[in-house]
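Novice: sequence first, predicted coordinates after that:
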Amino acid sequence: ALIALQCAKNAWPFNMVSDEDYKLEVEMLWAGTRIPHPMTVSCDVNKLYLQMSQHVKEYFMVSDLFY
């Protein structure tokens, strides 16, 4: 989820996880870490969007009661 949040927040392409320099950086920080496929990152961003949009919708439904 962290990679998906970074991509969404910084408008990074999902395939940034395929970049060789990124892979080297991850390997340097934590050897043996499995990096997700760009399609996995894309699906994660979509899931986050759908879940968070529901929270936003519910927030505004409750907020309308007070105004």
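Specialist: Everything's here; your move.
Novice: give me the distance between the two termini of stretch 12-28.
Specialist: Its first and final residues considered, stretch 12-28 spans 21 Å by C-alpha to C-alpha, to the nearest Å.
Novice: only the buried residues of it, if you could.
Specialist: Using 16 or more other C-beta atoms under 10 Å as the test for burial, stretch 12-28 gives F14, V17, V26. (Glycine included, C-beta is placed from N, CA and C.)
Novice: any chance of those in TSV, with pLDDT too?
Specialist: Formatted as TSV, these follow (pLDDT from 0 to 100):
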residue	pLDDT
F14	94
V17	95
V26	96
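Novice: which one of the residues you listed is nearest P36?
Specialist: Of all these, V17 has the smallest distance to P36: 6.1 Å, by C-beta to C-beta.
Novice: for the closest one, which non-adjacent residue is spatially closest?
Specialist: I35 (5.2 Å; C-beta to C-beta, 6 or more residues apart in numbering).
Novice: tell me the secondary structure for the one you found?
Specialist: coil (DSSP: H, G, I helix; E, B strand; the rest coil).
Novice: residues near it, how many?
Specialist: 15 (other C-beta atoms under 10 Å).
Novice: that one contacts V26, correct?
Specialist: Yes. In this structure, I35 is within contact of V26 by C-beta atoms under 8 Å, at 5.9 Å.
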